[in-house]
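Asker: Pasting the sequence and the predicted model now:
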Amino acid sequence: MDLVYENSDIVRATIATSGKCSQYKGQKSFNKDIPHHQRTKVLLVALIVCLVVALGAVCTLAMFLAHAKHYNVSVSDQEHNVTDYMEQLDVLRIQHQETLRKLNRLNQSSGCALCAVRWTHSGGKCYYFSTVKMNWTQSRDHCVTKGGHLVIITSKAEQDFLTSNVKETHWIGLNDLDTEGHWIWVDNQPLSQTVEFWIKRENGVREPDNWTKQHVDGEDCASLGHPGGETDFWTDAYCFQKKRFICEAAAAV
Ligand SMILES: [Ca+2]
Ligand SMILES: [Ca+2]
């Protein structure tokens, strides 16, 4: 009997559970039917968002491709220009070598070295005596633009040649701009103690004196001659004074 009662309890529990289940299923089906149009709206909104994102991605990609194309064209133009310049440089190099060969043949036949127009030859070098006045730095740079440098005097013969060709003071390529009293030439070589032509006056006052009465910065640039008229010795002078200058360059041989 106990077994019969237990089975009847199981049957009731099963019926009760089935009833709840069918009631629940009925509510779920009802909820599905009500928000159908809302789900459609949500799907449409999601679709629109996706389309906007995709359109943005396409636009970004198009801009990137356009920029990359422009960059490639620009780089290609520059490479083309570089190639042109290199070809022109090769042509000029060949012409320069041919001109040097002609000069050498001419020098060998004439037995003399050559200097450019308005330059004077002496001892295998060419000298340019300026007709304009500049400060020392401008003079140094101007000589470089003319293919030479401010004159570097390394012998008594060179000193005598220069002094015989000037009638007033000229800048030369010597200075103590970096360290007071340490004189160096424009090729960074120090002044020789044995080849120098500073003025040595009878009263014992000699150059360089780094005189500061004209300018507090003193005198850091060397000139051939003195504003007073002497031209055969060196003096130090204020670098921003304007003087004529002498350039030097190697002669073509
Ligand atoms: Ca000085
Ligand atoms: Ca001086």
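Answerer: Perfect, I can see it now. Ligands and ions are numbered 1, 2, ... in the order given.
Asker: which residue packs closest to V195, ignoring adjacent ones?
Answerer: T154 (6.0 Å; Cβ to Cβ, 6 or more residues apart in numbering). For glycine as for every other residue, the C-beta is placed from the backbone atoms N, C-alpha and C.
Asker: Can you read off the pLDDT for the one you found?
Answerer: Here, the pLDDT recorded for T154 equals 96.
Asker: phi, psi of it?
Answerer: Backbone torsions for T154, taken as degrees, to the nearest 10, come to phi -120, psi 10.
Asker: Now for it, how many residues are close by?
Answerer: T154: 12 surrounding residues under other Cβ atoms under 10 Å.
Asker: just the one 4 residues further on next, same as before
Answerer: Burial of E158 is recorded as 18 neighbouring residues (other Cβ under 10 Å).
Asker: Where does it sit, in terms of helix or strand?
Answerer: Under the criterion of DSSP states H and E, E158 resides in helix 156-163.
Asker: What is that helix packed up against?
Answerer: Applying 3 or more Cβ pairs under 8 Å, 6 or more residues apart in numbering; DSSP states H and E, we find helix 156-163 packed against strand 125-129.
Asker: so who does the residue of the stretch 1-150 of the chain at minimum distance from ligand 2 touch?
Answerer: Closest contact between the stretch 1-150 of the chain and ligand 2, by Cβ to the ion, is at W136 (13.1 Å). W136 makes contacts with W171, N175, C221, C239, F240, Q241, K243, F245, as judged by Cβ atoms under 8 Å, 6 or more residues apart in numbering.
Asker: any idea how far the residue nearest to V195 is from ligand 2?
Answerer: According to Cβ to the ion, to the nearest Å, T154 stands 22 Å off from ligand 2.
Asker: before we move on, what about C221?
Answerer: Distance from C221 to ligand 2, by Cβ to the ion: 10 Å.
Asker: and stretch 167-185, average pLDDT?
Answerer: 97.
Asker: That one: which residues count as buried?
Answerer: Buried positions in stretch 167-185, judged by neighbour count with 16 or more other Cβ atoms under 10 Å: T169, H170, W171, I172, G173, L174, N175, D176, W183, I184, W185.
Asker: I'd say the last one and D176 touch.
Answerer: To tie it back to what came earlier, the one meant is W185. No. Judged on Cβ atoms under 8 Å, W185 makes no contact with D176 at a distance of 11.1 Å.
Asker: Pretty sure the residue nearest to V195 sits against F197.
Answerer: No. Using Cβ under 8 Å, T154 is not in contact with F197; the gap is 11.2 Å.
Asker: show me what contacts the residue of the stretch 51-200 of the chain at minimum distance from ligand 2?
Answerer: Taking Cβ to the ion as the measure, the point where the stretch 51-200 of the chain comes nearest ligand 2 is I199, at 8.4 Å. By Cβ under 8 Å, 6+ apart, the contact set of I199 is R206, E207, H226, E230, F233, W234, T235.
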